[in-house]
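Visitor: Have a look at this prediction, sequence included:
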Amino acid sequence: MELKILSEDSHLTKMAMAGKLDIQGEQAIGDDFRNALLRNNSNVLLDMTQVSYLASLGIRLLFKGAKDLAAQGKKLVVINPQPMVEDTLSSSGTAKFIPIAKSEEDALKLI
Amino acid sequence: MATAVFTTPNTMSDVGELVARADAFFNSRLGSPRLMYKANLVLEETLTNIVKYAYRDPEVHTITVRLQAYDPTLTIVVEDDGIPFNPLDQAEPQEKNHITEQAVGGLGIHLVKHTAKTLTYKREGGKNILTIRLES
C-alpha cells in the first residue's frame, strides 16, 4: 500500500493511494494519512484510482479523517474509485458522508 | 472442488498474514475477480471482528478457517472459541444525517451480512461456527 502527497497547502491537499487498503495496508499508510490531514487542516482530494481493495479498517481511516475535517468545516472527496471499492463505500454507508467524484475537476466542485 | 484449512493466532498481524495466504488460494481457485474481492472482504472483516471482540483474556487462541471453492461459489467456515457471538443478531449501524454525528467504525459485520449470499451461525462445543456462502 502506498500513499503519495501530490500537493499540499492551507487550502487544498491532493493525495493518491495505491494498493490494497486492508489490515496491512492501513498499518502501512494510516499514520502518514492522518498526519497529512492534521498538518494541513485543508480540504482533501483523495485519488483512489489505484486502490484495488477496501475493507472496514480502511473505511474507518477515511471516515475518521473526513469526520475530523468536517468538524473544521473542511471536506474529504474521493476521486475515481474502482467499481468494487465504490460498492464497498456505498454499501457501508460511507458514500453518504464522503462525496465521490469521477475526476479532479468534478471533485473541486464538491468542495 | 478445492479446499483449504488455515489457522491463526488471535492477533491482528497474524490475521493479516492468514488473509494474504487465503488470497493466494482465492487467486488460484476462483475465476471471478468479483468473487475474490468478496472473499477477501468477508474473511478479513470476520477475523478482525473476532480479534477485536471475541476474547476477554490475554491468552493466545486459535482461529480456524475452512475454505471450499466450487466456482462460482465459495464457502468460508470460521471457528473461534471466543464468547458466544451471533452476527445475525446484531442490529444494523444507525445512520445519522451529518458526518459529525455519525459514529466511527462498527461496519465489519454489516459488510459481511451485505456481501454474503447466505450466513449461518451455530454455537457448538464451546465454539462459534460461522458459515458464509458467497457467489460472484
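Guide: On my side now, so go ahead. In this text, all values refer to a predicted model and were calculated from it rather than measured experimentally.
Visitor: Return the residues of chain B in contact with chain A.
Guide: Residues of chain B lying close to chain A (Cβ under 8 Å from any Cβ of the partner chain) are B:12-13, B:15-16, B:19-20, B:33-34, B:37, B:40-41, B:44-45, B:48, B:93, B:95, B:98-100, B:102, B:104-105, B:107-108, B:110-111, B:114-115. Placement of C-beta: from N, CA and C, glycine included.
Visitor: Identify those among those residues that sit within helices.
Guide: Secondary structure assignment by DSSP state H places B:12-13, B:15-16, B:19-20, B:33-34, B:37, B:40-41, B:44-45, B:48, B:108, B:110-111, B:114-115 of those in helices.
Visitor: Who are the contact partners of the residue most central in space within chain B?
Guide: To find the centre residue of chain B, average its C-alpha atoms and take the closest one (Cα atoms, centre = their mean): that gives B:T46, at 2.5 Å. B:T46 makes contact with B:I76, B:V78, B:G108, B:V112, B:L130, B:I132, according to Cβ atoms under 8 Å, 6 or more residues apart in numbering or on different chains.
Visitor: Okay, buried residues for the helix or strand harbouring the last one please.
Guide: If I follow you right, that is B:I132. Under the criterion of DSSP states H and E, B:I132 resides in strand B:127-135. Going by neighbour count (16 or more other Cβ atoms under 10 Å in any protein chain shown), the buried part of strand B:127-135 is B:K127, B:N128, B:I129, B:L130, B:T131, B:I132, B:R133, B:L134.
Visitor: same deal with stretch A:27-40?
Guide: By neighbour count on 16+ other Cβ under 10 Å, the buried set for stretch A:27-40 is A:A28, A:I29, A:G30, A:F33, A:A36, A:L37, A:N40.
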